[in-house]
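Engineer: Got a sequence here, can you build the structure:
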Amino acid sequence: MKISAIVKSSFKAQIFVVLLTVTLVMVILGGVLTIQGFQARLKSESRSSDINQNNALIDQLTSDFDLANNVLHSISDNNVINSSLNSDNMNSIEVYSVLYEITSSLRDFTSIDIYQGNNCIYSTNSNDLSKVLPLNYSVLGEALRNPGNVVYGLDPEDKSKEPDLLIAISINPDAGNPSFAVIRINQTVMAYRLREKINAKDGFLLTDRFFRPYCAIGTATNGIELTRIKKNLFEHAAYDQGSDNNIYMSDIGNTGLISIYITPQVIGESVVKVGYQIIVILSFISIIVCFLVARKLSNYFSKPIDILTAGMKRFRKGDFETMISLNRTDEFEQLATGFNKMTSQLKDTMEKKLEAERTINETRIKMMQAQLNPHFLYNTLDTIKWVTKVNHIPEVSTMVASLANILRASISENEFCALSKELELVDNYCQIQQIRFDNKFDIKIDVPADLKNAIVPKLILQPIVENAIIHGLDEADNGMIVINAERTSLAYFKSSLQDNLPVPADEKDVLIISIQDNGKGIDATAIASLNDIENKPPKGHLGLKNVITILRLYYGSEYGVYPKRLEEGGTIMYITLPYQEEEPTKVE
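Structural biologist: The predicted structure is shown next:
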C-alpha cells in the first residue's frame with residue numbers, strides 16, 4: 001500500500017503528517033535562517049572590524065614611511081653632510097651632530113646610515129657600522145638610477161629569514177663616488193610596532209608592487225596566501241579567490257608598497273557544521289514530539305468520531321430510533337445534535353413517503369377502473385356513427401367521428417404526437433364547433449409539409465383554438481382562424497415580436513406555431529396573467545394555463561404560449577417549443 005493511501009485512511013496519520021510538516025518547516029527553515037543570519041551579521045561586523053584594523057596598519061606604516069621620507073630628504077639636502085662628503089677633510093663630530101639632530105624622530109626604531117660608494121661611513125647604530133652594500137643593485141643601485149627619489153628594498157647581505165628593510169636616497173648621484181642615505185628597519189622591530197594593531201590569528205605582509213615580500217608577520221609568514229595571490233592575479237582572477245581567509249590589500253600612500261592584511265573567517269566551517277547538526281537533532285526530536293502529540297490529539301478527537309460512526313452504522317442497519325449523546329460543548333456536540341435532528345426528520349419523511357405511496361397505489365387502482373368509461377364511450381360513439389351513416393344524417397356522423405378521434409387521442413398512453421396529428425385533431429374539433437355555431441367561422445391551416453414531422457405534446461393546440469372560438473369569435477359572423485408554423489430561433493422571435501420576454505442563453509432551432517383570429521381581441525389583464533405562470537388563470541383560460549405548464553415542464557421556462565393583441569383587431573397566440581423529431585425528456 002502506498003504511503004499516501006495509508007495517510008488518507010488514518011486520522012492519526014493525517015494529524016501526525018500535518019504536525020510534523022509544520023514543525024519541521026519551522027525548525028529547519030528557522031534554524032537555517034538563524035544560522036545564515038547570524039553568520040551574515042558576524043561577517044558584517046567582522047569585516048567592519050577588519051577594515052578598521054587594516055586602516056590602522058596603513059596609517060601606522062604611512063606615518064612611518066612619510067617620516068622616513070622626510071628624514072632622507074633632509075639628509076640629502078643638508079649642506080653640512082654634503083660638504084663633508086664632497087671634501088677630503090671629513091668633520092665626523094659635526095656630521096654626527098647634524099645627523100643625530102635630523103634623525104631624532106626615527107632613532108627609537110631605526111638606524112640611519114650614510115654610504116659613500118658601497119661603504120658605510122656614518123651610522124646611528126650604536127654597535128657598529130652597517131655592512132657593505134652592493135653599489136650596482138638592491139637599494140643603492142635603485143637609488144642611483146632614480147636620483148632624488150626614495151626607494152625600498154631588503155638588505156641583500158643579510159642571509160637571515162627576516163632581513164632588514166632598507167629605505168634609501170642618493171645624496172650626490174653625479175659625483176664620481178656617489179653617496180647615499182639609508183634607513184635600516186629591523187623586521188623584528190617593525191613586527192613589534194605593528195603587533196598591537198593585529199590579532200594573534202591575523203597575518204600581515206608588506207610587499208613591493210611586484211609582490212616581493214619586505215615584511216611578514218603572524219600567519220602570513222608561511223607564504224601560502226602570498227603565493228595564492230600571485231597565482232590569482234597571474235590568471236586574471238580575484239586576488240582572494242580560493243582562500244578561506246579574509247584578505248585586504250591596500251596601497252601605502254605614494255611609496256609604491258602594498259600592505260596585505262589577512263584575517264581568518266569569523267565562523268569556520270566546523271562551527272557552521274555544528275549548527276546544522278543541531279538542526280538535524282532538533283528535527284529528530286520534533287518527529288518524536290509530533291508523534292506523541294498526534295497520538296494524544298487523535299485519541300481526543302477520535303473518541304467522539306467513533307461514537308458518531310457507531311450511531312451511523314446502527315442507523316444504516318435500520319435502527320431509526322438511534323440517538324447520539326456526547327458530553328461536549330464543541331463542534332462534535334453540534335454534529336451529534338444535527339444527526340439526531342436528521343434521524344428524526346428522516347423518520348417522519350419516510351413515514352410520509354409510505355403514506356403517499358399507499359395513496360398513489362389507491363389512485364392508480366381508481367384510474368384503471370375509470371379507464372373503462374372512456375373506452376365504453378368511444379365504442380358507443382363508434383356505433384352511433386355507423387347508425388347515422390345508415391340513416392343518412394351526415395352532421396351527426398361528422399360530429400361523432402370527430403369526437404371519436406379526439407377521444408381516441410386523449411385516452412392514448414402516448415404524451416407526444418407529430419404536428420400533423422395535432423393539426424388533424426384541431427380540424428376534427430373545428431368540424432364539431434362549425435356545426436354547433438352554424439358555420440359562423442372558418443379555419444385555415446397553413447403549415448409547411450417539412451414541419452409536420454415535428455414532435456409536440458398532444459392536445460396543445462385544441463385549448464387555444466377553443467379559446468379563440470368561444471372568447472374571440474363569440475360575436476363574429478365571419479370569423480377566421482389561421483394556423484401557421486415556422487422554424488426559426490427563439491432569440492430572433494423574442495427580439496422581434498416579444499421584446500419584454502427573456503431570451504435563452506443558447507441558440508436552438510425553435511418551432512413557432514401561431515394561432516390568429518379576427519375576433520374582438522384579448523384584454524391586457526388576461527395577457528399579463530398568462531405571461532405570469534404563478535398567477536391564477538383568468539376565467540375561461542384554464543386550458544391555456546395548462547398548455548403553458550406542460551410546455552415549460554418539458555422544455556424549460558423560456559418556452560410557452562405568448563399572447564398578443566393585434567392593432568387591426570383580433571388576437572394572435574404564439575406557441576414556442578424546441579424543434580425536435582424525437583420525444584424530449586421532462587425538465588425538472
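
Engineer: how about the helices of the stretch 351-500 of the chain, start to end?
Structural biologist: In the stretch 351-500 of the chain, helices defined by DSSP state H, counting those that start in this stretch lie at 372-390, 394-410, 419-436, 462-467, 490-497, listed in chain order.

Engineer: can you tell me which of those helices the model trusts least?
Structural biologist: Of all these, helix 372-390 carries the lowest average pLDDT, namely a mean of 55.

Engineer: quick one, helices of the stretch 51-200 of the chain?
Structural biologist: Remark: helices assigned in the stretch 51-200 of the chain by DSSP H, counting those that start in this stretch are 79-86, 92-102, 138-145, 187-195.

Engineer: can you redo the ones you listed as TSV with mean pLDDT and mean neighbour count?
Structural biologist: Glycine gets a C-beta too; all of them are placed from N, C-alpha and C. Putting the helices of the stretch 51-200 of the chain into TSV (pLDDT from 0 to 100; neighbours: other CB atoms under 10 Å) gives the following:
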stretch	mean pLDDT	mean neighbour count
helix 79-86	80	16
helix 92-102	83	15
helix 138-145	85	20
helix 187-195	80	17
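
Engineer: so can I have TSV of those showing distance to residue 494?
Structural biologist: Converted to TSV, those look like this (distance: least, CB to CB, whole Å):
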stretch	distance to residue 494
helix 79-86	121
helix 92-102	116
helix 138-145	108
helix 187-195	100
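
Engineer: do you know which of these lies nearest residue 427?
Structural biologist: Smallest distance to residue 427 across the helices of the stretch 51-200 of the chain (CB to CB): 126.0 Å, for helix 187-195.

Engineer: Just the CA atoms of the closest one, as CSV, please.
Structural biologist: Coordinates of each C-alpha in helix 187-195 appear next as CSV, following Å, rounded to 0.1, in the frame of the first residue of the first chain:
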residue,chain,number,x,y,z
GLN,A,187,61.7,43.4,10.7
THR,A,188,61.5,42.2,14.3
VAL,A,189,61.2,45.9,15.4
MET,A,190,58.6,46.5,12.7
ALA,A,191,56.6,43.5,13.7
TYR,A,192,56.7,44.7,17.3
ARG,A,193,55.4,48.1,16.3
LEU,A,194,52.6,46.6,14.3
ARG,A,195,51.8,43.7,16.6
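
Engineer: Give me the contact list for it.
Structural biologist: Helix 187-195 is contacted by residues 57, 60-61, 64, 109-110, 162-165, 204, 206, 215-217 when judged by CB atoms under 8 Å, 6 or more residues apart in numbering.

Engineer: Mind giving me the PyMOL command for buried ones among these?
Structural biologist: To isolate the buried ones among the contacts of helix 187-195 in PyMOL, judged by 16 or more other CB atoms under 10 Å, type:
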select buried, resi 57+60+61+64+110+162+163+164+165+204+206+215+216+217
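
Engineer: Count the residues that sit near the nearest residue to residue 100 once chain neighbours are set aside.
Structural biologist: Excluding the flanking residues, the one nearest residue 100 by CB to CB, 6 or more residues apart in numbering is residue 124, at 6.8 Å. By other CB atoms under 10 Å, 19 other residues sit near residue 124.

Engineer: cool, and residue 453?
Structural biologist: Neighbours of residue 453 (other CB under 10 Å): 10.

Engineer: how close does it sit to residue 460?
Structural biologist: Taking CB to CB, to the nearest Å as the measure, residue 453 falls 16 Å from residue 460.

Engineer: And for residue 526?
Structural biologist: The gap separating residue 526 from residue 460 is 18 Å, by CB to CB.

Engineer: so where's the stretch 101-250 of the chain shaky on pLDDT?
Structural biologist: The stretch 101-250 of the chain contains residues with pLDDT under 70 at 127-129, 173-176.

Engineer: give the contact list for residue 95.
Structural biologist: Here residue 95 is in contact with 80-81, 84, 114, 122 (CB under 8 Å, 6+ apart).

Engineer: Is it possible to get JSON lines of those that adds distance to residue 355?
Structural biologist: Below are the contacts of residue 95 laid out as JSON lines (distance: CB to CB, whole Å):
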{"residue": "80", "distance to residue 355": "140"}
{"residue": "81", "distance to residue 355": "137"}
{"residue": "84", "distance to residue 355": "142"}
{"residue": "114", "distance to residue 355": "134"}
{"residue": "122", "distance to residue 355": "136"}
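
Engineer: Specify which member of the residues you listed is nearest to residue 481.
Structural biologist: Distances from residue 481 to the contacts of residue 95, taken by CB to CB, are shortest for residue 114, at 144.4 Å.

Engineer: re the thing from before, of all the helices of the stretch 51-200 of the chain, which one is nearest residue 492?
Structural biologist: The nearest among the helices of the stretch 51-200 of the chain, by CB to CB, is helix 187-195 at 99.9 Å.

Engineer: Next secondary structure after that closest one?
Structural biologist: Using DSSP states H and E, the helix or strand that follows helix 187-195 towards the C-terminus is strand 203-207.

Engineer: how far does that next one sit from the chain's center?
Structural biologist: Chain-centre distance of strand 203-207: 54 Å, with CA atoms, centre = their mean, to the nearest Å.

Engineer: Run through who's touching the helix or strand that that strand is followed by.
Structural biologist: Using DSSP H and E, the helix or strand that follows strand 203-207 in sequence is strand 213-218. Residues from elsewhere that reach strand 213-218, judged by CB under 8 Å, 6+ apart: 152-154, 162, 165, 187, 190-191, 194-195, 198, 200-208, 223, 226, 257, 262.

Engineer: okay but residue 469 is in contact with residue 476, surely?
Structural biologist: No - the criterion here is CB atoms under 8 Å, and residue 469 misses it with residue 476 at 9.6 Å.

Engineer: quick one, which of the two is more surrounded?
Structural biologist: Each of residue 469 and residue 476 has its neighbours counted (other CB under 10 Å); residue 469 has more, 24 against 17.

Engineer: Grab the nearest non-local neighbour of the more buried one.
Structural biologist: Nearest residue to residue 469 in three dimensions, chain neighbours excluded: residue 433, at 5.4 Å (CB to CB, 6+ apart).

Engineer: if I pick the closest residue to residue 521 other than its chain neighbours, what's in contact with it?
Structural biologist: Using CB to CB, 6+ apart and skipping residues adjacent in sequence, the residue nearest residue 521 is residue 565, 4.7 Å away. Contacts were defined as CB under 8 Å, 6+ apart; by that measure residue 565 touches 521-524, 527, 571.

Engineer: switch to 7 Å and redo it
Structural biologist: With contacts defined as CB atoms under 7 Å, 6 or more residues apart in numbering, the neighbours of residue 565 are 521-522, 527, 571.
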